[in-house]
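Chemist: fold the stuff below for me.
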Amino acid sequence: MTDRLADPTLWITSARTTSDGRACRLMTMFAEDGSPLVEALAFPWKREIIVYATESVRQARIVIRRRRSFPLTGKVDIETDGGRRLGIVTRAGRVLDATGRLVGRFSDTRSLKQRSAESLVEALANAVVGLESVGGGSAGADSFVFSLDGQALASLVRAPLPFARAGEDVRAQMGLGRLLPRRWRSALARRVEPRGWKFARLNLPGDSDPRLVAGAALFTVELSHW
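Modeler: Coordinates of the predicted model:
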């Protein structure tokens, strides 16, 4: 799992679901080819988000643990399943390794221009070239850049999933959709096309633990729904 979490591009889906009758959110991280790598259930009242490896890669899992002081400090520990700390993520997006060294920071691009250099904005733009859409009318953030010392290391952007299509026959043909003209049905199919989060590495340091960075990306996605 560790090797795959270091892939240049990862995808994250996040969907509402229930477990034991309680509402929660299921997050799944995929390789670029659509192979599931890890998944996690996030409950609003639980301190821990346990990230399980999928059946095809059973070797490891990580734990995203909110500290008891989280409401005040915003700090979350990223740990192995054995309790070894990999690093810390803060509510403000800062990611530190186990020694306290700053690895990078996730920043909401809606405020990026006010606090970042133009080169950083340009790097993010290059990272998302080819995406059909970045916006989407969401009230929450749907585009982040992971940076360090003014250099863009990775981007985390909402985008259509390349390996999952809703398909006109699946969604647009349901209910009243089947009564619409064909060109309208095609447009509707594009509107309901499955979307996820694309995590694209640009220049991540080779010594950064992929489990820490992946855990930080998952936590950033979870925060975006708060």
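Chemist: shaky segments in the protein?
Modeler: Scanning the chain for pLDDT under 70 picks out 1-3, 55-60, 111-140, 164-193, 204-207.
Chemist: ranges for the strands of it?
Modeler: For the chain, the strands defined by DSSP state E occupy 9-19, 22-31, 36-42, 48-53, 62-66, 75-80, 85-90, 94-97, 102-108, 143-148, 151-160, 195-201.
Chemist: mind checking which of those is nearest L212?
Modeler: Ranking the strands of the chain by proximity to L212 (CB to CB) places strand 85-90 first, at 4.3 Å. Any C-beta I mention is one placed from the backbone N, CA and C, and that applies to glycine too.
Chemist: can you name every helix or strand that that closest one contacts?
Modeler: strand 75-80, strand 94-97, helix 210-224 (3 or more CB pairs under 8 Å, 6 or more residues apart in numbering; DSSP states H and E).
Chemist: strand 75-80 and that one, what's the angle between them?
Modeler: Calculated by axes from the mean of the first three to the mean of the last three CA atoms, to 10 degrees, strand 85-90 forms an angle of 150 degrees with strand 75-80.
Chemist: can you list contacts of strand 85-90?
Modeler: 62, 64, 73-80, 94-98, 100, 103, 209, 211-212, 215-216, 219-220 (CB atoms under 8 Å, 6 or more residues apart in numbering).
Chemist: residues touching L37, list them.
Modeler: Contacts of L37 (CB under 8 Å, 6+ apart): M1, R4, L5, L10, M29, F30, A31, A53, T54, V57.
Chemist: hmm, I was thinking of L5
Modeler: Taking CB under 8 Å, 6+ apart as the criterion, L5 is in contact with M29, L37, V38, P210, R211, V213, A214.
Chemist: what of V76?
Modeler: When contacts are counted by CB under 8 Å, 6+ apart, V76 touches I64, R65, R66, R67, F70, I88, V89, T90, R91, F219.
Chemist: now the fifth one. Nearest residue, chain neighbours left out?
Modeler: Once its chain neighbours are removed from consideration, F70 has its nearest residue in V76; the separation is 6.7 Å (CB to CB, 6 or more residues apart in numbering).
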